[in-house]
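Student: Got a predicted structure here, sequence first:
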Amino acid sequence: MLHIYDSIIIGGGPAGLSAGLYAARSKMDTLLIERAKYGGQITTTDELENYPGSIENCTGTSLSERMKNQALDFGVKFAKDEILDVDIEGIIKVLKSKKNVYRARTIIIATGANPRLSGFKNEKELRGRGISYCATCDADFFTDLDVAVVGGGDSAITEAIYLTKFAESVTVIHRRDALRATKSLQDRAFHNPKIKFIWNSIVEGALGDEILEGLLIKNKITGETRNLKVDGCFVFVGYEPISQLFQGKVTMDEKGYIVTDEDMRTNISGVFAAGDIRKKSLRQVITAAADGAIAATTAENYIEENKN
């Protein structure tokens, strides 16, 4: 007999782990499927200062491990797999991978988002050869070297501050004349002697053949270009939703984020979305966890309302 789960969660970041915890705690038969590393984007965060109640020196990796263990304790089943196709229109939702077919009464989409490329020349070619999208992962490679950070939001400034623990200098390159990061982060950055700023400028290209040797920078106001010698470049210009699997199957906005109501319902009955994958104004660990809890609770109510 085919096994039908009460809920299958796709994605093992804070939203997915929170959804799993709440679903299993409500005695729902729950499976969480993750194709890569549990924790998602949170694992690239060295320090969580704005997650309520986080312990001293709490890292994204340690928090996600505690989240996963807590979900396990309540009975969430975990599978390492990549879903390649979905049929979500019917009462029973069907998910297909290369080797397995999964079925569930409800689906919670928590696939998250990936860092967006800036789009300058040679960016792809020198990715991993001086260009990075994760300071927590790669900062140590640039100990006592000069690095640049592209971006002006919370992620960019948080990572710039973190990089000062390793790098000789950190130059923030921002396309505007003011940062978009929160005031507290701005204050820390402006008072850090290792951090410099280049305003109203964009990166036109990465210099170097085998490894990064510098950046070609253009001032948007004057049109002037110049070379900036750096050994590393960290790009933080936003994220792109991992929603390709659901294109044409659930309602999305123009950027590919899934549209939900406040209870995480999509336009398809029994299908919910949580975390960075959905259209929302604030993408943080705490909002992802809240989304997951709401999605699981709404899924539970949906099952109760649709019992034969």
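Tutor: Received the coordinates, thanks. In this text, all values refer to a predicted model and were calculated from it rather than measured experimentally.

Student: For the residue nearest to Lys77 when sequence neighbours are not counted, which residues count as its bridge partners?
Tutor: For Lys77, ignoring the flanking residues on the chain, the nearest one in space by C-beta to C-beta, 6 or more residues apart in numbering is Leu31 at 4.8 Å. (Glycine included, C-beta is placed from N, CA and C.) When bridges are called by DSSP bridges, Leu31 pairs up with Ile8, Lys77.

Student: which helices and strands does the worst-scoring helix or strand of the chain on mean pLDDT pack with?
Tutor: In the chain, the helix or strand scored least confidently by mean pLDDT, DSSP states H and E is helix 135-138, which has a mean of 82. Using 3 or more C-beta pairs under 8 Å, 6 or more residues apart in numbering; DSSP states H and E as the contact test, the elements touching helix 135-138 are helix 154-163, strand 232-235.

Student: Now do the buried residues in the next helix or strand along the chain from the shortest one.
Tutor: What that stands for is strand 232-235. The helix or strand immediately downstream of strand 232-235 is strand 239-241, counting by DSSP states H and E. By 16 or more other C-beta atoms under 10 Å, the buried positions in strand 239-241 come out as Tyr239, Pro241.

Student: what do you get for stretch 140-147?
Tutor: Neighbour-count burial for stretch 140-147, with 16+ other C-beta under 10 Å as criterion, is recorded at Phe142, Asp146, Val147.

Student: Please name every helix or strand in contact with the longest helix seen in the chain.
Tutor: Determined from DSSP state H, the single longest helix within the chain is helix 285-305. Packed against helix 285-305, as judged by 3+ C-beta pairs under 8 Å, 6+ apart, are the following elements: strand 5-10, helix 14-25, strand 101-109, strand 271-273.

Student: quick one: the residue nearest to Asn219 when sequence neighbours are not counted from Ile173, how far?
Tutor: Counting by C-beta to C-beta, 6+ apart, the nearest residue to Asn219 once its immediate chain neighbours are dropped is Ser201, at 5.2 Å. Remark: distance between Ser201 and Ile173 (C-beta to C-beta, to the nearest Å) = 6 Å.

Student: tell me, what's touching the two both at once?
Tutor: Ile217 (C-beta atoms under 8 Å, 6 or more residues apart in numbering).

Student: nearest to Thr251, of the helices and strands packed on helix 285-305?
Tutor: Smallest distance to Thr251 across the helices and strands packed on helix 285-305 (C-beta to C-beta): 10.0 Å, for strand 271-273.

Student: mind checking how far that closest one is from the chain centre?
Tutor: Its chain's C-alpha centre lies 18 Å from the corresponding centre of strand 271-273 when counted by C-alpha atoms, centre = their mean, to the nearest Å.

Student: Adjust the sequence numbering to begin at 57 for everything that follows.
Tutor: Will do, 57 is the new start, and the previous item becomes strand 327-329.
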